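J.: sequence first, predicted model second:
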Amino acid sequence: MCGIVGYIGSNGACKILIQGLKRLEYRGYDSAGMALVGNDGRLNVHKSKGKVANLEQTAAAGDTEGCLGIAHTRWATHGEPNDINAHPHVSQSGDIALVHNGTIENYAVLKKVLSDHGVEFKSETDTEVLVQLIEYIKLTSNCTLSEAVREALLQVEGAYAIAVVERGEPDTLIVARKSSPLVIGVGDNETFIASDATPIIGYTDKVIYLENDEMAVIKRGEPINIVSISSNLPSKIDIHKLRLSLAQLEKGGYDTFMLKEIFEQPATLCDCLRGRITPDGRRVVLSGVELNKQKFIEAERITLVACGTSWHAALIGKRLIQDFCQIPVEVEYASEFRYGNPVLGPKDIVISISQSGETADTLAAIQIAKQKGAFVYGVCNVVGASIPRATDSGTYIHVGPEIGVASTKAFTGQVTVLTLLALAIGQLRGAIDEEKVYEIASALKTMPKTIEETLKVDTEIQKLSRIFTYAHNFLYLGRGYNYPTALEGALKLKEISYIHAEGYPAAEMKHGPIALIDHEMPSVIIAPSDSLYDKIISNVQQVKSRGGAVVAIVSKGNTAMNDIADFCIEIPEVPECLTPLVASIPLQLLAYYIAVNKGKDVDQPRNLAKSVTVE
Ligand code: M6R
C-alpha cells in the first residue's frame, strides 16, 4: 500500500524513479509524485493525480535534473487523492521533502502542537506532519537533517517507511522504517531504495532489508550507515542476493499480468513443488517442518491466520490439516485475531499465510502469537519480506512475483504448500497412512500437467463470460473443500469486475440466501464428483426450480449435470482434497473475461492495492 522509491548515484534520477514507480504501481495508484535534488542543490517537486503515467508527463514539462531523488505512488488513507495530498510532502520552508508508506497514528496531536507553533499545513495527510516536525526540530535544535529525522521518528506512533531529501544536500538520502517494508539496493557507486525489490531488479542483485526501528543515512561515495532509531547504535549490515529476473516482471506477451499469472500456473506449481516430494512419491519433505519436528509432534492446536485470498487458502488448509493430522484447527481473519485476545500457549502453532509477506494485520497477528508463546510458521511468496522474517520458520510458495492485484497463482501456490504441509505434519505425527500420502503426493506431482489440461477451458469460458457480463449479482456455491473455492471465485469477480458476488456453503442457501434467487441471479456451483456430489445436486435443483441460471463446474465425464445445469464446465478428476486447485482455474478465467468485457482495468482495479500495509 503506497510504494516508495529513491535513488542516489551518478545517473539521472528521474528516469530511474519513474520506472521504479511503474513497477510499484500495483501497491497503489491514486496519485504519484517525486522530488529531485539537482547537482547544484536545488529541489524540484512534481506531483500528479492518477497513475504514474500522468506524473511522467507532468515531470517531463518541468525541471528533472539531478542524480538524487525520491518518489511515491499513493493509495490514499488520509485525504482524497489529489495533487495536494500526493507525496512528496515538503516542509514549510520548502527545504525538506519526504515520501511515506504507512500511517502516522498520532498525527492529529502532533499537528495541533506544530500549528500552535505557527506551522502552516497544506494537505490533509498524516504524512505532512512528519516532514513539518522534522523541519521544526532541525530549526529549533539546530541539528543535522539525520538527527532531526531520528528525533522526529521517536515522537511518531504508527507505521512508516520514509525517504527524505533536503534542498542544498545533493549527496544525502535518508531512509527509515517501522512496520512498513524498505529495501536498499547496493550498486556500484549508486544506491536504490524501494518498498520492495522490484524497482531494483536489473540494476543490482545486492540488497539490504532494513529492519524495524532502523534508519539509514546514504551519502554519495560513503559506506551506508545504518543505526537503530531508538538507541542510535550502529546496526550490523547483512547483504542478501536477489534471485529475481526482469522477465518475471514483464507481461510476456499477455495483455495483462493477471492473464499471464493465470496461465503461468502449471509452471509456478512446478516451482512450488520442486524438491518437496521424494522421487518415489512416498514422503513430503519441508525443511521448515523437519527443523522443528518436536513442535509439530507436540502441537495441540493449529490456528491459521490470513486476509483475503490467503484466508480462503487457510480455510482449505484447515480441512487438509484436520483430515491428515487429526489436530484441532482454527482459521481466523488476521484483523480479528489481533484484537480478539487469543488464548495461546507453547503447544499452539500459528500458521500465517500471505502472498506479499507485508500485510499489516497478518504481521500484527504474528507479533501477538509470538508474545503469547505460540510457534509461528509462515507460508509466504515474497522472499525476504517482513512476514517470513518475523516468523519462527516457514515455507515459501515460490510462485514468482504476482503483479496483478487479484491473486491467482499465489492462491494455488498457497493451497499446494498447505497440502504439502498437512501431509508432512500428518506423517510426523503418524496420523496418515503411507498409501494416502502416496495417492495425494502422486496427484500433486502431476498437478502442473493437470492445471495445463484445465486451462483448455479458456475459450469456453470466454464465450460463457459474454452471457453474464451484465449480471448485477452472482452467487458462488460449494461444499466441503470447495466452499472456500466458492468464496475465492466470488472475491475474484467482485474485485476486478465490480459485480456484487457472494460465496456460500451450498447447503446454507436454504437458510436465507435462496430468497435472492430469480432469473436475474446466476449461480456458479462447484460440483466435482466427490463425496458430497449427491448432496450438491439437490442444491443445484433448489436453485433451478426457482428460476436461477446455473453454471456448474463438474468433473470430466459427468454428463448427468447437463440435464440440470444451464452450463457445465468440465475439470479433470483429482483426489477430493485437490479439487480446489483445479476448480479455481475456470473461476479465475470467468472473473477475468467478465471484467475485460466490461472494459475494466483488471491489473489495477479501483480502490485496491496489492500489499495492504495499513490497518
Ligand atoms: O499479501 P497477502 O496475501 O497477505 O494479501 C492478503 C489480501 O490483501 C489479498 O489476498 C487480497 O484479498 C487480494 N487482492 C485478493 O485477490
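T.: That came through, no problem. Numbering: from 1, shown residues only.
J.: next up, the contacts around residue 93.
T.: Residues touching residue 93, when contacts are defined by CB atoms under 8 Å, 6 or more residues apart in numbering, comprise residue 135. Yep, even glycine has a C-beta here, placed from its N, CA and C like the rest.
J.: separation between the residue lying closest to residue 84 once chain neighbours are set aside and residue 74?
T.: With CB to CB, 6 or more residues apart in numbering as the criterion, residue 84 has its nearest non-adjacent residue at 5.0 Å, and that residue is residue 123. The spacing between residue 123 and residue 74, counted by CB to CB, to the nearest Å, is 11 Å.
J.: overlap in contacts of these two?
T.: The overlap between the contact sets of residue 123 and residue 74 (CB under 8 Å, 6+ apart) consists of residue 85.
J.: who's more crowded, those two?
T.: Ranked by neighbour count (other CB atoms under 10 Å), residue 123 and residue 74 place residue 74 first, with 29 against 18.
J.: okay, and the beta partners of the more buried one?
T.: On DSSP bridges, the residues paired with residue 74 through beta bridges are residue 31.
J.: residue 44 now?
T.: The bridge-partner assignment for residue 44, based on DSSP bridges, gives residue 36.
J.: quick thing: my sequence starts at 600, can you match it?
T.: In the new count, where the first residue is 600, that last one comes out as residue 643.
J.: now the residue lying farthest from the centre of the chain, what are its backbone angles?
T.: Relative to the mean C-alpha coordinate of the chain, counting by CA atoms, centre = their mean, the farthest residue is residue 741 (41.7 Å). Here the main-chain torsion angles of residue 741 (degrees, to the nearest 10) amount to phi 50, psi 50.
J.: could you find the closest non-adjacent residue to the residue nearest the centre of the chain?
T.: Among the residues of the chain, the smallest C-alpha distance to the mean C-alpha position (CA atoms, centre = their mean) belongs to residue 955, namely 3.5 Å. Spatial nearest neighbour of residue 955, excluding adjacent residues (CB to CB, 6+ apart): residue 1210 at 4.3 Å.
J.: next, count neighbours for the one you found.
T.: As a burial measure, residue 1210 scores 28 neighbours (other CB under 10 Å).
J.: for the helix or strand containing residue 701, list the C-alpha coordinates in CSV.
T.: Residue 701 belongs to strand 695-703 when elements are defined using DSSP states H and E. Only the C-alpha atoms of strand 695-703 are listed here, as CSV (Å, rounded to 0.1, in the frame of the first residue of the first chain):
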residue,chain,number,x,y,z
ILE,A,695,12.8,19.2,3.1
ALA,A,696,10.9,16.7,1.0
LEU,A,697,9.6,13.3,2.3
VAL,A,698,7.7,10.3,0.9
HIS,A,699,6.0,7.9,3.3
ASN,A,700,4.3,4.5,3.2
GLY,A,701,2.3,3.7,6.4
THR,A,702,0.1,5.6,8.8
ILE,A,703,1.1,8.2,11.4
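J.: quick one: buried residues of that strand?
T.: When neighbours are counted by 16 or more other CB atoms under 10 Å, the buried residues of strand 695-703 are found to be 695, 696, 697, 698, 699, 700, 701, 702, 703.
J.: now the residues you listed in TSV, with distance to the ligand and pLDDT?
T.: Converted to TSV, those look like this (distance: CB to the nearest ligand atom, whole Å; pLDDT from 0 to 100):
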residue	distance to the ligand	pLDDT
695	32	98
696	29	98
697	26	98
698	22	97
699	20	95
700	15	92
701	16	89
702	16	88
703	22	91
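J.: contact residues of the stretch 1050-1199 of the chain facing the ligand?
T.: Those residues of the stretch 1050-1199 of the chain that sit near the ligand, judged by CB under 6 Å from any ligand atom, are 1090, 1094.
J.: what of the chain?
T.: On the criterion CB under 6 Å from any ligand atom, the ligand has as its neighbours in the chain the residues 906-909, 953-955, 958, 961, 1004-1006, 1090, 1094, 1207, 1211.
J.: where neighbours are concerned, which of these has the most?
T.: Of all the residues of the chain next to the ligand, residue 953 has the most neighbours under the rule other CB under 10 Å, reaching 35 neighbours.
J.: can you read off the pLDDT for the residue lying closest to residue 771 once chain neighbours are set aside?
T.: The shortest distance from residue 771 to any residue that is not its chain neighbour, by CB to CB, 6+ apart, is 5.5 Å, and that residue is residue 818. Residue 818 carries a pLDDT score of 96 in this model.
J.: which phi and psi values does the residue of the chain found nearest the ligand adopt?
T.: Nearest to the ligand, among the residues of the chain, is residue 907, at 2.0 Å (CB to the nearest ligand atom). With angles defined as degrees, to the nearest 10, residue 907 sits at phi 60, psi -130.
J.: quick one: contacts for it?
T.: 1006, 1090, 1211.
J.: residue contacts, the first one?
T.: Right, the one you point to is residue 1006. Remark: with contacts taken as CB under 8 Å, 6+ apart, residue 1006 is in contact with 907, 908, 909, 954.
J.: distance of it relative to residue 757?
T.: Using CB to CB, one gets 27 Å for the distance from residue 1006 to residue 757.
J.: also the second one?
T.: Using CB to CB, one gets 28 Å for the distance from residue 1090 to residue 757.
J.: kindly report the same for residue 694.
T.: Here the distance between residue 694 and residue 757 works out to 24 Å (CB to CB).
J.: hmm, back to that, any idea how far residue 691 is from the residue nearest to the centre of the chain?
T.: Here residue 955 is placed at a distance of 35 Å from residue 691 (CB to CB).
J.: quick revisit: among the residues of the chain next to the ligand, show me the least confident.
T.: Least confident of these in the model: residue 1211, at 79.
J.: which SS class is it?
T.: Secondary structure of residue 1211, reduced to three states by DSSP: H, G, I helix; E, B strand; the rest coil: coil.
J.: my guess is it contacts residue 954. True?
T.: No: between residue 1211 and residue 954 there is no contact under CB atoms under 8 Å: 10.6 Å.
J.: can you list the low-confidence ranges for the stretch 600-749 of the chain?
T.: In the predicted model, the stretch 600-749 of the chain carries pLDDT under 70 at residues 600.
J.: helices of that one, start to end?
T.: Shown for the stretch 600-749 of the chain, the helices assigned by DSSP state H, counting those that start in this stretch span residues 612-623, 651-659, 706-715, 726-740, 744-754.
J.: can you spell out which helices and strands pack onto the last one?
T.: Using 3 or more CB pairs under 8 Å, 6 or more residues apart in numbering; DSSP states H and E as the contact criterion, the neighbours of helix 744-754 among helices and strands are helix 726-740, strand 757-765, strand 771-777, strand 813-818.
J.: between that helix and helix 726-740, how many degrees?
T.: Following axes from the mean of the first three to the mean of the last three CA atoms, to 10 degrees, one obtains 120 degrees for the angle between helix 744-754 and helix 726-740.
J.: please, where are all the strands along the stretch 850-999 of the chain?
T.: According to DSSP state E, counting those that start in this stretch, the stretch 850-999 of the chain carries its strands in the segments 900-905, 928-932, 947-953, 974-979, 992-995.
J.: so which of those strands is the most surrounded?
T.: strand 947-953 (a mean of 28; mean count of other CB atoms under 10 Å).
J.: listing partners with orientation, what would you give for that strand?
T.: Note on strand 947-953: by DSSP bridges, its sheet partners are strand 900-905 (parallel), strand 974-979 (parallel).
J.: restrict the first one to CA atoms and write it as PDB.
T.: Just to be clear, that refers to strand 900-905. Below are the C-alpha coordinates for strand 900-905, written out as PDB (Å, rounded to 0.1, in the frame of the first residue of the first chain):
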ATOM      1  CA  ARG A 900      -3.800 -27.000  18.100                       C
ATOM      2  CA  ILE A 901      -3.100 -25.100  14.900                       C
ATOM      3  CA  THR A 902      -4.500 -21.700  14.100                       C
ATOM      4  CA  LEU A 903      -4.300 -20.300  10.600                       C
ATOM      5  CA  VAL A 904      -4.300 -16.500  10.200                       C
ATOM      6  CA  ALA A 905      -4.600 -14.600   6.900                       C
END
